[in-house]
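In: Requesting a structural model of the entry that follows:
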Amino acid sequence: MIQRVLTAGALATCLFFIINFIAVAFLGGINVALGQSQFRSTTIEFPLIGLLISFLVWLLVSGRTKESLLFVGSLIVALGVVELGLRIVDHPLSRPVINFNRWYEPSELYGHQLAKNFEGLGPLQVPVKINSLRFRDVEHSLPKPADTIRVLALGDSFTFGWGVSGEQTYLKHLEQNLQHATHRRAETINTGVPGWGLNQYYLCLKEFGLAFTPDIVIMGYYLDDLTGPPVDKLGTTSNATWEGERLVTMRGGPLRHVRLFNLFTYLSDNIKHRNRSKRIPYLNDLQARRTTLTQKPNYLAADPGPAPTAQLTNLLRTHLSRINTLVNTRGASLIIVLIPDYAQLFHPDLQHINRIMESVSRELGISLLDMTPIYESTEPTSTNYFWPLDAHTNEVGHRALAAALTPLVCEHLKTRHVPCS
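Out: As a prediction, this is how the structure comes out:
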């Protein structure tokens with residue numbers, strides 16, 4: 001009797017994991033709310049391992065000892081054959097995996113920076129190539145070529161181009177627009193690094209950015225860019241383990257030498273990315289996202305009160321003032337682009353920062369482009385974002401940003417006696 005119950009239970013568990021595996025791999029996973037509890041199954045490792053174990057248990061409790069040994073042996077042989085095949089063909093997806101958050105190098109100056117000359121898959125599994133200066137761009141000569149318009153961009157993941165190809169970033173679109181508008185060679189330099197803020201923007205300009213002698217400096221501003229008071233050195237902020245000449249951390253430790261592990265990790269990561277919105281409510285629940293933005297005073301999305309607002313506004317003013325002064329002393333012009341979070345659209349209570357940025361920019365004589373009303377004018381508004389898969393702007397949003405920037409950049413170029421229409 002007990003053996004029958006155990007056999008039936010093991011078989012039912014097998015069927016459950018089969019259904020779970022299919023749901024995760026092909027249907028976006030399982031997300032069930034039971035009162036205050038949430039049951040989520042959105043990663044492939046859990047149902048796959050559970051299926052293998054429950055099938056082996058079913059064989060054992062049903063008295064099929066020989067079959068269970070044959071199953072284990074066959075599995076080992078099959079995995080060995082696949083491993084050998086992957087090594088023979090040197091399949092690119094079976095090479096050691098580097099996740100986006102693993103390409104960081106520690107930096108005493110910036111806190112973190114991108115890995116020099118890295119080439120691989122980036123956010124949302126989009127190919128990314130980093131140049132010798134540790135930025136997502138082609139190599140640029142330090143002296144500006146004659147009769148060339150040069151635009152340098154500072155920013156975080158939005159400017160970097162999270163989830164879009166390098167050619168689909170707003171800077172590449174802007175480069176093309178300016179060439180048509182001026183009939184001159186235009187060159188944009190993308191120094192956007194995910195996770196950077198106002199301090200890194202200033203330090204980047206000071207250390208080498210302005211050495212490129214840009215005509216225009218564009219600073220993409222997002223809610224989390226105000227992280228503290230101005231400093232001249234941030235110190236290493238990452239506690240990751242760095243290895244190799246390129247200081248890139250590989251996934252899996254010793255297992256990274258197993259080709260099958262690397263291939264499975266790649267496929268698993270693809271499924272995780274696709275199911276990301278179900279794993280993280282902040283990404284697919286608009287109300288949860290708005291609540292999170294409200295709870296972070298330094299974002300200034302919602303009004304935190306008169307005293308915090310005054311303190312943070314002064315801090316923002318100090319940051320922008322020193323960046324603007326640095327840009328102006330080198331004969332360039334500064335343009336700030338305010339890139340709204342998806343949760344801010346059509347929600348005036350979360351646009352407190354927009355009003356503050358407009359006031360401070362006007363006070364400092366800095367040109368400001370607020371993309372909020374432009375993105376709000378698009379129906380549906382999600383057209384410009386990866387939402388709910390991800391909260392970053394997509395290719396459509398980047399093109400809209402470039403289209404809005406072009407006339408503003410043209411205005412500044414005309415003051416430099418560059419015809420632009």
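In: Now do the strands in this protein.
Out: 30-34, 37-41, 104-107, 111-114, 119-121, 127-129, 148-154, 185-190, 216-221, 333-338, 367-370 (DSSP state E).
In: Tell me which residues touch the closest residue to Gly166 other than its chain neighbours, please.
Out: Using CB to CB, 6 or more residues apart in numbering and skipping the chain neighbours, the partner closest in space to Gly166 is Arg136 (6.2 Å). Where C-beta positions appear, they are placed from N, C-alpha and C, glycine not excepted. Going by CB atoms under 8 Å, 6 or more residues apart in numbering, Arg136 touches 114, 128-130, 160-161, 166, 190, 192.
In: Return a ChimeraX selection command for the buried portion of those residues.
Out: Burial among those is assessed by 16 or more other CB atoms under 10 Å; the matching ChimeraX selection reads:
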select :114,128,130,160,161,166,190,192
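In: farthest pair in the contacts of Arg136?
Out: Pairwise distances across the contacts of Arg136 (CB to CB) peak at 14.0 Å, for the pair Lys129 and Gly192.
In: What count of nearby residues applies to Ser138?
Out: Not Ser; residue 138 is Val. Using other CB atoms under 10 Å, Val138 has 11 other residues around it.
In: Which parts of the protein belong to which domain?
Out: According to automatic domain parsing, the chain comprises the domains 2-90, 101-237+281-414.
In: out of those domains, deepest packed?
Out: Ranked by mean neighbour count, those are led by domain 101-237+281-414 with a mean of 18 (mean count of other CB atoms under 10 Å).
In: Identify the residue nearest the geometric centre of this structure.
Out: Trp162 (4.3 Å; CA atoms, centre = their mean).
In: show me what contacts the closest residue to that residue other than its chain neighbours?
Out: Sequence neighbours aside, His392 is the residue nearest to Trp162 in space, at 4.2 Å (criterion: CB to CB, 6+ apart). Counting by CB under 8 Å, 6+ apart, His392 touches 123, 157-158, 162-163, 385-386.
In: rerun that using 7 Å as the cut-off
Out: Residues in contact with His392 (CB atoms under 7 Å, 6 or more residues apart in numbering) are 157-158, 162-163, 385-386.
In: Give the bridge partners for Ile336, please.
Out: On the basis of DSSP bridges, Ile336 is bridged to Met219, Leu368.
In: Could you double-check that it sits in contact with Met371?
Out: No. Using CB atoms under 7 Å, Ile336 is not in contact with Met371; the gap is 10.9 Å.
In: where are the low-confidence patches of the protein?
Out: Within the chain, the set of residues satisfying pLDDT under 70 comprises 28, 33-38, 92, 95-104, 236-253, 256, 274, 276-281, 283.
In: ok, now how distant is the nearest residue to Arg317 once chain neighbours are set aside from Val231?
Out: Spatial nearest neighbour of Arg317, chain neighbours left out: Val360 (5.1 Å); criterion: CB to CB, 6+ apart. From Val360 across to Val231, the span is 20 Å (CB to CB, to the nearest Å).
In: which residue sits closest to Lys414, ignoring its sequence neighbours?
Out: Cys420 (5.8 Å).
In: Report the contact partners of that neighbour.
Out: Neighbouring residues of Cys420 by CB under 7 Å, 6+ apart: 181-182, 410, 413-414.
In: Distance to Thr291 added to the residues you listed, as TSV?
Out: Formatted as TSV, these follow (distance: CB to CB, whole Å):
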residue	distance to Thr291
Ala181	43
Thr182	45
Cys410	40
Leu413	43
Lys414	45
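In: Give me the subset of these that lies in helices.
Out: 181-182, 410, 413-414 (DSSP state H).
In: Looking at those residues, spot the one nearest Phe264.
Out: Distances from Phe264 to the ones in helices among the contacts of Cys420, taken as CB to CB, are shortest for Ala181 (49.1 Å).
In: pretty sure the closest one contacts Val418?
Out: No. The criterion here is CB under 7 Å, and Ala181 misses it with Val418 at 9.6 Å.
In: quick one, phi/psi of the residue nearest to Leu124 when sequence neighbours are not counted?
Out: Leaving aside its sequence neighbours, Leu124 sits nearest to Gly163 (CB to CB, 6+ apart; 3.9 Å). For Gly163, the backbone dihedrals (degrees, to the nearest 10) come out as phi 90, psi 0.
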